[in-house]
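*Asks:* Predicted model, plus sequence, below.
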Amino acid sequence: MKLFNQTPRIPFLNFYKYAFCISTIFITIGIIFIFIKGIETSIDFTGGTIVNVKVNQDDIDIAQLRVKATNDLESNISIVLAQSVDSNKSLIITMDFLNDEKILDQFLADVFGTEYEIIQVESIGPKLGDELRVNARNAILASLLLIGLYITIRFDRFYALGSLVALLHDVIVILSIFSIFKFEISVAIIAAFLTIVGYSLNDTIVIYDRIRENILKYIDKDKYDIINQSLNETLSRTIITSLTTLLVVLSLYFFGGDILKPFALALLIGIIIGTYSSIFIASPIMFLFEKKFNIISDQESNYVN
């Protein structure tokens, strides 16, 4: 399936300076937000307790309930109305790690009498939260290192540098967006990050493959023109893949429920940023470093000789 009857002739490399400026400005703003405001993390990393409570009452003042719970339970508490059908309400209560669940049960009984039911209680201790945070960081770093090694073996060190810069760009941009808009980072979001890394890498490898094929095919052609040609030749595939994936993620976002919304949102942002970086970050970085050091890959030199 093709979107264009003829291969477009968009000079993508002509825009790399603008793309670099936009990305640099956005990442700088994001890093400032991260240092000043930090990153909101869920109880997966900080430790705490999440309680899903079903309440059969018509009118519930969430703000007043939150204040009373904070005072009575002596804990930082967040209460969200997750679902409401007539008099049936579903409340999500997030609080510091709760050693004795009977205290919460007593509080709910004082407020709602017998008109409530605890559906689910999920507790994560502070020590386990620290371990999850370290493991999540190590998983992202390990994936980036292995990806760099794979690209270096398959293509060239400058191709690997371009792909790693693009992947780091994607992760930092998404972290910046989450920090600016105060979205929580959870284990599900880390899984989304790793998914985005794989998605962006796949798109970048397709473009790199076409660049390598065209370099070997058009020996006398300038590499600047070859990269532009390769980006245009893979543009149809890139757009179709991104759009079809976006449709699935949008369905997940709108119909997957409140629990899956943060995961879907991270994927949604990641697909857009990943598509952008594979075109305007990865290939230009590779081209600029090869041009700076005036080095061609071993495969290209063997073919020329």
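*Replies:* It's in.

*Asks:* Got phi/psi on the residue nearest to residue 188 when sequence neighbours are not counted?
*Replies:* Spatial nearest neighbour of residue 188, chain neighbours left out: residue 263 (4.4 Å); criterion: C-beta to C-beta, 6 or more residues apart in numbering. Just so you know, the C-beta spots here come from the backbone N, C-alpha and C atoms, and that holds for glycine as well. With angles defined as degrees, to the nearest 10, residue 263 sits at phi -60, psi -50.

*Asks:* Same question for the one 10 residues further on.
*Replies:* With angles defined as degrees, to the nearest 10, residue 273 shows backbone torsions of phi -70, psi -40.

*Asks:* how near is the residue nearest to residue 188 to residue 245?
*Replies:* For residue 263, the distance to residue 245 equals 14 Å [C-beta to C-beta, to the nearest Å].

*Asks:* So the two - more neighbours on which side?
*Replies:* Taking other C-beta atoms under 10 Å, residue 263 and residue 245 do not tie; residue 263 has more neighbours (20 against 17).

*Asks:* and the more buried one, what does it touch?
*Replies:* 188-189, 191-192, 252 (C-beta atoms under 8 Å, 6 or more residues apart in numbering).

*Asks:* which strands and helices sit next to the longest helix seen in the chain?
*Replies:* In terms of residue count, the longest helix belonging to the chain (DSSP state H) is helix 187-217. Secondary-structure packing of helix 187-217 (3 or more C-beta pairs under 8 Å, 6 or more residues apart in numbering; DSSP states H and E): helix 126-154, helix 157-180, helix 223-233, helix 235-255, helix 261-277, helix 283-293, helix 298-304.

*Asks:* Buried residues in it, which are they?
*Replies:* Within helix 187-217, the residues that count as buried by 16 or more other C-beta atoms under 10 Å are 187-190, 192-193, 195-197, 199-201, 203-208, 210-212, 214-215.

*Asks:* Repeat that for stretch 26-33.
*Replies:* 26-27, 30, 33.

*Asks:* mean confidence for it?
*Replies:* Confidence over stretch 26-33 (mean pLDDT, whole number) is 90.

*Asks:* and residue 6, helix, strand or coil?
*Replies:* Secondary structure, DSSP: H, G, I helix; E, B strand; the rest coil: residue 6 is coil.

*Asks:* Contacts only, for it.
*Replies:* Residue 6 neighbours (C-beta under 8 Å, 6+ apart): none.

*Asks:* Residue 219: neighbour count?
*Replies:* 9.

*Asks:* Tell me the predicted confidence for it.
*Replies:* 83.

*Asks:* Distance-wise, check it relative to residue 226.
*Replies:* Distance from residue 219 to residue 226, counting by C-beta to C-beta: 10 Å.

*Asks:* again, but for residue 157
*Replies:* 19 Å.

*Asks:* ditto for residue 147
*Replies:* 24 Å.

*Asks:* where does this structure dip in pLDDT?
*Replies:* For the chain, the stretches flagged by pLDDT under 70 are 1-2, 83-87, 126, 293-305.

*Asks:* Report the residue ranges of every domain in it.
*Replies:* 12-42+128-304, 50-124 (automatic domain parsing).

*Asks:* Same list (those domains) but as a markdown table, adding distance to residue 5.
*Replies:* As requested, those are arranged in a markdown table below (distance: least, C-beta to C-beta, whole Å):
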| stretch | distance to residue 5 |
| --- | --- |
| domain 12-42+128-304 | 10 |
| domain 50-124 | 49 |
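
*Asks:* Deepest in the core, which of the ones you listed is it.
*Replies:* domain 12-42+128-304 (a mean of 17; mean count of other C-beta atoms under 10 Å).

*Asks:* Could you give the separation of that one from the chain centroid?
*Replies:* 10 Å (C-alpha atoms, centre = their mean, to the nearest Å).

*Asks:* Could you do stretch 103-118 as well?
*Replies:* 38 Å.

*Asks:* With stretch 72-82 instead?
*Replies:* With C-alpha atoms, centre = their mean, you get 28 Å for stretch 72-82.

*Asks:* Need the contact partners of it.
*Replies:* 52, 60, 62, 65-66, 69-70, 89-96, 98, 103-104, 107, 110, 258.

*Asks:* Kindly report the same for stretch 271-288.
*Replies:* With C-beta under 8 Å, 6+ apart, stretch 271-288 has contacts from 12-13, 15-16, 19-20, 23, 158-159, 161-163, 165-167, 169-170, 173-174, 196, 199-200, 203-204, 207-208, 211, 223-224, 227, 230-231, 238, 242, 245-246, 249.

*Asks:* Give me the distance between the two termini of that stretch.
*Replies:* End-to-end span of stretch 271-288 (C-alpha to C-alpha, to the nearest Å): 25 Å.

*Asks:* Stretch 254-263 too?
*Replies:* End-to-end distance of stretch 254-263: 12 Å, with C-alpha to C-alpha as the criterion.
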